[in-house]
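J.: For reference, the sequence and a predicted model appear below.
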Amino acid sequence: MTQWQIIGLLVGAGLGTYLLRYLPMRWYVALRPIFERPRLRAALTALGPAAIVALLVVSLRGLVGFELPQEGQKDMLRIVIALLGIWLCHRLYKNTIAATFVGVLIYGLIAWWQSGL
């Protein structure tokens, strides 16, 4: 890929992410009665955890199998400890944003420590 293709890809991904977050907020006022339906509200509430699980499944895809290579074992260790940190933080503080941040921080610190920097 050329430098301009990479820049275009990054700008497109950023714009797409922004629109995915901005447009529902703009449309919420007009569609508020629809969003207050119990079944739709439950389905929309489940989207956040479902997205996290989907990202986790994609991240773990390369680790599937009984014999993990050395690098796979390191990845699995980071993921398990980060998930435990997320779970513990959520149990203690009931704050999903803080729990997610703690999980990312734990994962990053362990990766940094394992890389020997």
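T.: Noted; the coordinates are in hand. Numbers count the residues shown, from 1 in each chain.

J.: Identify the residues contacting the closest residue to Ala111 other than its chain neighbours.
T.: Excluding the flanking residues, the one nearest Ala111 by C-beta to C-beta, 6 or more residues apart in numbering is Arg78, at 5.9 Å. Every C-beta, even on glycine, is put in place using the N, C-alpha and C of the backbone. Residues near Arg78 by C-beta atoms under 8 Å, 6 or more residues apart in numbering: 107, 110-111, 114.

J.: Helix or strand: which one has Arg78?
T.: Here Arg78 sits within helix 70-93, counting by DSSP states H and E.

J.: then that helix to CSV, C-alphas only?
T.: This file holds the C-alpha atoms of helix 70-93, laid out as CSV (Å, rounded to 0.1, in the frame of the first residue of the first chain):
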residue,chain,number,x,y,z
GLN,A,70,5.5,-19.6,23.1
GLU,A,71,4.2,-16.3,21.8
GLY,A,72,0.6,-17.6,22.1
GLN,A,73,1.1,-18.5,25.7
LYS,A,74,2.3,-15.0,26.4
ASP,A,75,-0.7,-13.6,24.6
MET,A,76,-3.1,-15.9,26.5
LEU,A,77,-1.5,-14.9,29.9
ARG,A,78,-2.0,-11.2,29.1
ILE,A,79,-5.6,-11.7,28.0
VAL,A,80,-6.5,-13.8,31.1
ILE,A,81,-4.9,-11.4,33.5
ALA,A,82,-6.5,-8.4,31.8
LEU,A,83,-9.9,-10.1,31.9
LEU,A,84,-9.5,-10.8,35.6
GLY,A,85,-8.7,-7.2,36.1
ILE,A,86,-11.8,-6.1,34.2
TRP,A,87,-13.9,-8.5,36.2
LEU,A,88,-12.5,-7.4,39.5
CYS,A,89,-12.7,-3.7,38.7
HIS,A,90,-16.3,-4.1,37.5
ARG,A,91,-17.2,-6.0,40.7
LEU,A,92,-15.6,-3.4,43.0
TYR,A,93,-16.7,-0.2,41.3
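
J.: now the helices for the chain?
T.: Using DSSP state H, the helices assigned to the chain run over residues 3-35, 38-60, 70-93, 96-115.
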